[in-house]
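Enquirer: please find the sequence and the predicted model below.
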Amino acid sequence: TADSTGMKVLTITGTMAQVQKGVELVRNKLASWLARDLQGPVRRELYVPNLVISSVIGKGGWKIAEFQLLSGGAINIEPVGEPSHFPLAILCESLNLAQPA
């Protein structure tokens, strides 16, 4: 039940490492909601090659779900428009990687 301020107690039980991780995950989620309410969502696009996208998504989407839980942000994967292939320079820039010489 909520108290007079509308708050509820969330209890995390486990080992010290599990409790710390649980606290971190809850704080990340709360921080993402606060950021969205205060200034709207920030958006960053990364171009991921089709060759490795299944590794980023994970079986049944579990890896994306894990990334969202750990970061507190929403992650969407959408096909890019034409052209179907991006120059290496654009890909490297989106991932903050040095461009090959």
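Expert: Now that the structure is in, tell me what you want to look at. Numbers count the residues shown, from 1 in each chain.
Enquirer: buried residues in the helix or strand harbouring residue 62?
Expert: Assigned by DSSP states H and E, residue 62 falls within helix 62-71. By 16 or more other Cβ atoms under 10 Å, the buried positions in helix 62-71 come out as 64, 68. Just so you know, the C-beta spots here come from the backbone N, C-alpha and C atoms, and that holds for glycine as well.
Enquirer: contact partners of it?
Expert: For helix 62-71, contacts defined as Cβ atoms under 8 Å, 6 or more residues apart in numbering pick out 25, 28, 29, 32, 55, 56, 57, 58, 74, 75, 77.
Enquirer: could you rerun that using 7 Å?
Expert: 25, 28, 56, 57, 58, 74, 75 (Cβ atoms under 7 Å, 6 or more residues apart in numbering).
Enquirer: which among the residues you listed end up buried?
Expert: Among those, those classed as buried by 16+ other Cβ under 10 Å are residue 57.
Enquirer: let's have the contacts of helix 62-71 in JSON lines, adding pLDDT.
Expert: Output for the contacts of helix 62-71, formatted as JSON lines (pLDDT from 0 to 100):
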{"residue": "25", "pLDDT": "81"}
{"residue": "28", "pLDDT": "77"}
{"residue": "56", "pLDDT": "84"}
{"residue": "57", "pLDDT": "88"}
{"residue": "58", "pLDDT": "89"}
{"residue": "74", "pLDDT": "79"}
{"residue": "75", "pLDDT": "83"}
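Enquirer: tell me which of the contacts of helix 62-71 fall in helices.
Expert: Members of the contacts of helix 62-71 lying in helices (criterion: DSSP state H): 25, 28, 56, 57.
Enquirer: chain neighbours aside, what residue packs nearest to the second one?
Expert: In space, residue 28 comes closest to residue 72 once its chain neighbours are excluded; the distance is 3.3 Å by Cβ to Cβ, 6 or more residues apart in numbering.
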